[in-house]
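Chemist: Next one to model:
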Amino acid sequence: MTVPPNGQHWALAIHAGAGNHPRALLPEFEEDYRLGLRNAYLAGEEVLSAGGSGLDAVCASVCQLEDDPLFNAGRGATLDAAGQAEHDSSVMTGQGSAGAIAASRLIRHPVLAARAVMEQTPHVFIAAPTAELAHAWGLETEPPEWFVTCERRLQLAEIQEAESSAPSHGTVGAVALDVCGQLAAATSTGGMANKAVGRIGDSPVIGAGTYAHAGTVAVSCTGMGEAFLEGGAAHEVHARVAYLGQSPAATAQWVLDEVIGTRASDGGMIVADANGGIVVAHNSAMMFSAWRDSEGTVKTLVNCLPGPQPAC
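Modeler: Numbers count the residues shown, from 1 in each chain. So this is what the prediction gives:
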């Protein structure tokens, strides 16, 4: 838990996937990933430390990750079977407002498009938002090829040539509690490499990949989207905390082990609770994440062992 000078509490955690990139396993790239995670965490922390909202903070962190080609969101996202980058994203506040977009190919920051759906339309979920709609929302757009990196082209070619199963993980997200006690969550992804054109995972689906509820938790998930969709994973964390009185750490690990794990899948999630606690949980071999610990140090996880990580 971080306590700013005014004595009020706020909390923040980010993630960048449960093993979202093969080269992350190579030691020579570890510091690049740690720096990317740190920069994204600090972008959100700057908002919270100035008294900003949890929603502004999670969007700031996720925008930073969407601009970093190391991670599977925005520029540098994985490519579908046709070689396109298609983005999915969602946001939710503890007050119950939510917005989401799917199959976006033009909007530079998909998380801001999800927020625009929430704040500027009567809807919750819009697929394939157009450039005209993005401009009406005041958002930046880029040509589809801007999002495609050489490294992702090579990754797709290797997967298709080998006819192997594609890496299933790689999503970014953030959860926060602000100084007013408001929770918020955001998630953004390019999805699975070599996915079917038009495939949508859990990241933009409220209750599956993202959920927030005042008084309990804010959750952002990463992993095999189909398992998180079928299990309603993010909402399940809230429900068990709210109705069974379980701790967020125990609940997050239970969902990963008993809901996701029994579907022969793995992944992870970050959770912020209404008391300012942060949990990083995963049943995968890797979980990219960052938070500030009780001693004031920004901690980053890249290569790690499965299990709950009570951050503060």
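Chemist: Go ahead and confirm A100 touches P129.
Modeler: No: A100 is not in contact with P129 according to CB atoms under 8 Å; the separation is 10.6 Å. In this view, the C-beta of every residue, glycine as well, is placed from N, C-alpha and C.
Chemist: Who has more neighbours out of these two?
Modeler: More neighbours surround A100 than the other of A100 and P129, with 28 against 25 (other CB atoms under 10 Å).
Chemist: so who does the more buried one touch?
Modeler: By CB atoms under 8 Å, 6 or more residues apart in numbering, the contact list for A100 reads 88-91, 114, 117, 124-126, 204-206, 210.
Chemist: which helix in this protein runs the most residues?
Modeler: Secondary structure of the chain per DSSP state H: the longest helix is helix 30-49.
Chemist: Identify the residues contacting that helix?
Modeler: Everything outside helix 30-49 that qualifies as a contact, by CB under 8 Å, 6+ apart, is 2, 4, 10, 12, 14, 16, 24, 53-54, 56-58, 60-65, 68, 70-71, 172, 174, 176, 178-179, 288-292, 298, 300, 302-303.
Chemist: Next, F228: phi, psi?
Modeler: The phi/psi pair for F228 (degrees, to the nearest 10) reads phi -70, psi -30.
Chemist: Report how many residues lie close to it.
Modeler: F228 has 30 neighbours, counted by other CB under 10 Å.
Chemist: Give me the distance between it and P110.
Modeler: For F228, the distance to P110 equals 18 Å [CB to CB, to the nearest Å].
Chemist: In contact with I200: list those residues for me.
Modeler: Contacts for I200 were tallied using CB under 8 Å, 6+ apart; they are D88, A102, A103, A127, G191, G225.
Chemist: Now do the residue nearest to G190 when sequence neighbours are not counted, the pLDDT please.
Modeler: The spatially closest residue to G190, leaving aside those adjacent along the chain, is A77, at 2.4 Å (CB to CB, 6 or more residues apart in numbering). In the prediction, the pLDDT value recorded for A77 is 95.
Chemist: so A77 is in which element?
Modeler: Secondary structure assignment for A77, by DSSP states H and E: no helix or strand.
Chemist: can you give me the helices for the stretch 101-250 of the chain?
Modeler: When assigned using DSSP state H, counting those that start in this stretch, the helices of the stretch 101-250 of the chain occupy the ranges 110-120, 131-136, 150-162, 225-231, 233-244, 248-254.
Chemist: now, of these, which is deepest in the fold?
Modeler: Each of the helices of the stretch 101-250 of the chain was assessed for mean neighbour count using mean count of other CB atoms under 10 Å. The highest is helix 110-120, with a mean of 25.
Chemist: just for the stretch 1-150 of the chain, where's the confidence low?
Modeler: Regions of the stretch 1-150 of the chain meeting the criterion pLDDT under 70 cover residues 1-8, 19-26.
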